[in-house]
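Colleague: coords please:
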Amino acid sequence: MKQVLQNFRSGELSVQDVALPVLRPGGVLVRTSFSLISAGTERSTVETARHSLVGKAISRPDLVNQVIDTLKREGLASAYQKVRSRLNQVKPLGYSTSGIVVAVAEGAEEFRVGDRVACAGAGFASHAETNFVPVNLCGRVPEHVSLEAACYTTVGAIALHGIRQSDARVGEVVAVIGLGLVGQLTVQLLRAAGCQVVGFDPDPEAGRMAALCGADATSNLPDDVVEKCRELSGGRGADCILITAGTKSNQPVELAAELARDRARVIVVGLVGMDLPRHLYYEKELEVKVSRSYGPGRYDPVYEEKGIDYPVGYVRWTEKRNMEAFLSLVGQGKVKPGMLTTHQFRIEQAAEAYNVIMGKPAPEGDAGASNESRASVDQSELDRRHTGGYRCGVVLAYPDSGAAIASKVVNTSARKPATGGQIGVGFIGAGNFARGVLLPAIAKHRNVKLTGVASSTGVSSKNTAEQFGFAYTTSDYLEVVDDPSTTCVFVATRHDAHARIAAECLKRGKSVYVEKPLAMTEEGLREVIDCGSSGPGHLFVGYNRRFSPLGVALKKKFTGRTGSMSIIYRINAGRLPADHWALDPDQGGGRIVGECCHFVDFVQYLTDSAPVSVCAEGVPAAAASGASDDSCTISLRMADGSIASIAYYASGDPSIGKELVEVYSDGSIATIDDFRSGEHVRAGKSAKLGSGHQDKGHAGEIAAFLDAVSGKSGSPFTLESLAATTLTTFAINESLRASESKVIDVHGFLRQD
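Modeller: Numbers count the residues shown, from 1 in each chain. You can find the predicted model right below:
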């Protein structure tokens, strides 16, 4: 399917073929009819991408700080690889569309195939022929509303939420500063609500448009608009002021104070400078409020991605209900968004459309104003507006050819076909870890051919395919699993899909590398272990620490030991945001299952022994800070009599190294400091370990996996050890809940198979 993408490194914008998105629970697939280009938000995005590297750094200091942190923690090579991977990506654009539902998943049954809907959300309502959209980001389009008008719904909901925040009442005088898309729709909505409206924008054409939208007075001069506001309000000033401008300047908030009456309300909707002039705001005792996007639910993944609605009795106007209210007003003819369309292009002309919002003249082939605009404004006004360079609503149209959209796209820049003896490697999941860690290590092996890469979105798989040379991209992971040219599969999806996909691979005789964890439930673990024991394929899990040079060197120091080991493994894990997917019980399973499995496996590796019991104690939720603390202390007893204490702490300073390992046995001590350096002390003599360069074993693990797949060596993992690690993480969680020790019976689990 066609989608508008922008290269983050070069800033180049193009329409490219990508794989169809995956239909997931809680959402629908929508065949796009129209999408709206936001001349404010999207112009800023495009401008940032077209900056030089220095310009990007200046505009995004948060990303620069992330790079510096990575450099400190992981070294220059890792930081460079992550920056390179990020810059080489193409990004989807768009967040306001309309179209026809073509598929409905479980949890989205309020819609049916054939329904006309308006869609919202960056990453969901993209400029693409087909989008997957969660149920709470879709609104049904009323019968008498055109899909062309409905593509304005997201921006309309933003304007409507700003008005709700302002508490504007019938008969009040309301000033709107900034008459772009949001401002123009705000004017129309305020008029529909019975308010008197004063509009300001430096562009006179924007003021003319606002007058057509129903503004009682407009001006492009600050002093003039203040005077007009006083005239309209009987000398009192505006009851509330909505700032819908987009500028780094502080002028809008200064002008708002001039326009305001005593104790008026100022609502900031747009991205503007907010250095409030205290004397003006103090003297009038102005109330200031920032309006966040298009309503309650925005930025809440439980609402937006999982479809869990807020009860109407507690939250009357969510973002979805704001979308529906806007569409209702359009259906009643009280709001006419289509009259704002100054330019319309076909999807193939997206690059030209973006040039228009960047200020360049419209090319031949621009369809000009929409049908609704033609019906609302006389032709002379349309001609003057269009040829005069004014731009407001720029719309992309998607003609339906009737042809089916393929889920698989061939990569024309792929590497040459495989030669004899090469290992066909497929990938399922194309996130940051896959691109930044796994694939760079795989690319170093000459005997590898990259076959297909599958992901839930066509953009991420396209990024990966072009960066590393996969033969094709697909949204159907079974295309990769069933491909006869694929010898082994790497599974790097979110955690909830690991066991199911690994089992599918093993059933087909493929070797499979699964990023940790192997499974999130005993049922999933049983299925994948059973498939691993009955087929020819190798099963690897991403427990890379055992392949690190320091891990291997430390274990050699205890070769031939006669006594048990005592191990202390301290992890300075750091906190995750409360809404991080890894903490989601459905997708990530929490940090014990998702990350502590690493450390359990490393203890197994060092001791050559499986855990037999565990006792864990955690830190109570930190109610005062509003965040949970994942810190816990885990005590393991191993089958050979060794003991291990895994101290997993989330509340420390991230500038300190993440991992510290201490091993005591046979009168000697060995340490590993963040897998950079180590030391072995015996009989008073110290021997340094490591080179000072951090290596957590990813490259070593991938080399071992490919060697096993090619038959050069056996697998370093046994199914018993893999099952033991996962069962131990389950037992840790049980121990934390019950505050008691738990027995781990891996042999009993395997016998049940």
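Colleague: rest of the way, CA atoms for contacts and neighbours
Modeller: OK.
Colleague: need phi/psi at residue 192.
Modeller: Here is the backbone geometry of residue 192 (degrees, to the nearest 10): phi -70, psi -30.
Colleague: any idea how far residue 163 is from it?
Modeller: To residue 163, residue 192 is 12 Å away according to Cα to Cα, to the nearest Å.
Colleague: the two: which is more packed in?
Modeller: Neighbours were counted for residue 192 and for residue 163 using other Cα atoms under 10 Å; residue 163 has more, 24 against 16.
Colleague: need phi/psi at residue 706.
Modeller: With angles defined as degrees, to the nearest 10, residue 706 sits at phi -70, psi -30.
Colleague: check contacts around it.
Modeller: Going by Cα atoms under 8 Å, 6 or more residues apart in numbering, residue 706 touches residue 423.
Colleague: where does the residue nearest in space to the middle of the chain land in three-state SS?
Modeller: Most central in the chain under Cα atoms, centre = their mean is residue 123, positioned 7.6 Å from the mean C-alpha point. Following DSSP: H, G, I helix; E, B strand; the rest coil, residue 123 is assigned to coil.
Colleague: can you tell me how far it is from residue 91?
Modeller: From residue 123 to residue 91 the distance is 9 Å (Cα to Cα).
Colleague: need the longest helix for the protein.
Modeller: Ranked by number of residues, the top helix in the chain under DSSP state H is helix 719-738.
Colleague: for whichever helix or strand comes after that one, packing partners?
Modeller: Under the assignment DSSP states H and E, the closest C-terminal helix or strand after helix 719-738 is strand 742-743. Counting contacts by 3 or more Cα pairs under 8 Å, 6 or more residues apart in numbering; DSSP states H and E, strand 742-743 packs against strand 611-618, helix 719-738.
Colleague: dump these into CSV; add mean pLDDT, distance to residue 32 and mean neighbour count as well.
Modeller: Output for the helices and strands packed on strand 742-743, formatted as CSV (pLDDT from 0 to 100; distance: least, Cα to Cα, whole Å; neighbours: other Cα atoms under 10 Å):
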stretch, mean pLDDT, distance to residue 32, mean neighbour count
strand 611-618, 96, 49, 22
helix 719-738, 96, 43, 21
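Colleague: how about those, which one is nearest residue 640?
Modeller: strand 611-618 (9.0 Å; Cα to Cα).
Colleague: partners of the closest one in the sheet?
Modeller: Looking at strand 611-618 with DSSP bridges, its partner strands are strand 632-638 (antiparallel), strand 742-743 (antiparallel).
Colleague: quick one: the longest one to helix 719-738, angle?
Modeller: Spelled out, it's strand 632-638. Interaxial angle, strand 632-638 versus helix 719-738 (axes from the mean of the first three to the mean of the last three Cα atoms, to 10 degrees): 140 degrees.
Colleague: how about strand 632-638 as PDB, C-alpha atoms only?
Modeller: This file holds the C-alpha atoms of strand 632-638, laid out as PDB (Å, rounded to 0.1, in the frame of the first residue of the first chain):
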ATOM      1  CA  CYS A 632      13.300  -6.500  45.200                       C
ATOM      2  CA  THR A 633      15.800  -8.900  46.700                       C
ATOM      3  CA  ILE A 634      15.700 -12.500  45.400                       C
ATOM      4  CA  SER A 635      17.400 -15.400  47.100                       C
ATOM      5  CA  LEU A 636      17.900 -18.500  45.000                       C
ATOM      6  CA  ARG A 637      19.100 -22.000  46.100                       C
ATOM      7  CA  MET A 638      20.600 -24.100  43.400                       C
END
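Colleague: list the contacts of it.
Modeller: Under Cα under 8 Å, 6+ apart, the answer for strand 632-638 is 607, 609-619, 643-649, 732.
Colleague: all helices of the stretch 251-400 of the chain, in order?
Modeller: 251-259, 278-283, 301-304, 319-331, 350-357, 371-376, 379-387 (DSSP state H, counting those that start in this stretch).
Colleague: out of those helices, the one nearest residue 426 is which?
Modeller: So among these, helix 301-304 is nearest, using Cα to Cα, at 30.0 Å.
Colleague: list the buried residues of that closest one.
Modeller: 303, 304 (16 or more other Cα atoms under 10 Å).
Colleague: how far off centre is stretch 208-216?
Modeller: Taking Cα atoms, centre = their mean, to the nearest Å, one finds stretch 208-216 lying 38 Å from the centre of the chain it belongs to.
Colleague: now do stretch 312-319
Modeller: How far stretch 312-319 lies from its chain's middle: 25 Å, per Cα atoms, centre = their mean.
Colleague: and what of stretch 444-461?
Modeller: The answer for stretch 444-461 is 20 Å, by Cα atoms, centre = their mean.
Colleague: equivalent analysis for stretch 121-131, please.
Modeller: 13 Å.
Colleague: repeat that for stretch 152-160.
Modeller: 22 Å.
Colleague: what do you get for stretch 488-502?
Modeller: That offset, for stretch 488-502, works out to 19 Å (Cα atoms, centre = their mean).
Colleague: which positions within it qualify as buried?
Modeller: 488-499, 501-502.
Colleague: these in helices, which ones?
Modeller: 498, 499, 501, 502.
Colleague: closest to residue 105 among these?
Modeller: When those are compared against residue 105 (criterion: Cα to Cα), the nearest one is residue 501, at 19.7 Å.
Colleague: skipping its backbone neighbours, what lies nearest that closest one in space?
Modeller: Once flanking residues are discounted, residue 501 sits nearest to residue 491: 7.4 Å by Cα to Cα, 6 or more residues apart in numbering.
Colleague: where does the chain dip in pLDDT?
Modeller: 43-88, 363-389, 401-407, 412-420, 621-629, 753 (pLDDT under 70).
Colleague: element containing residue 6, please.
Modeller: strand 2-7.
Colleague: contacts made by that strand with the rest, please.
Modeller: So strand 2-7 is contacted by 12-18, 46, 49, 87-93, 126-129, 347, 350 (Cα under 8 Å, 6+ apart).
Colleague: can we see that at 6 Å?
Modeller: Contact with strand 2-7 is made by 12, 13, 14, 15, 16, 17, 90, 91, 92, 127, 128, 129, as judged by Cα atoms under 6 Å, 6 or more residues apart in numbering.
Colleague: that strand: how far from the chain's middle?
Modeller: On Cα atoms, centre = their mean, the centre of strand 2-7 falls 17 Å from the chain's centre.
Colleague: run the angle between it and helix 350-357 for me.
Modeller: 60 degrees.
Colleague: the helix or strand following strand 2-7 pairs with which strands, parallel or anti?
Modeller: In the C-terminal direction, the helix or strand that comes right after strand 2-7 (DSSP H and E) is strand 13-17. Strand pairing for strand 13-17, using DSSP bridges, gives strand 2-7 (antiparallel).
Colleague: alpha carbons of the strand it pairs with, in CSV - could you do that?
Modeller: Extracted in CSV, the C-alpha atoms of strand 2-7 (Å, rounded to 0.1, in the frame of the first residue of the first chain):
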residue,chain,number,x,y,z
LYS,A,2,1.1,3.6,-0.4
GLN,A,3,2.1,5.7,2.6
VAL,A,4,3.7,9.1,3.1
LEU,A,5,7.1,8.8,4.8
GLN,A,6,9.9,11.2,5.7
ASN,A,7,13.5,10.3,6.0
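Colleague: show me what counts as buried in that strand.
Modeller: In strand 2-7, the ones that count as buried by 16+ other Cα under 10 Å are 2, 3, 4, 5, 6, 7.
Colleague: any idea how far residue 397 is from the fifth one?
Modeller: In this case it means residue 6. 19 Å.
Colleague: now do the first one
Modeller: When Cα to Cα is applied, the distance between residue 2 and residue 397 equals 12 Å.
Colleague: residues touching residue 167, list them.
Modeller: Per Cα under 6 Å, 6+ apart, neighbours of residue 167: none.
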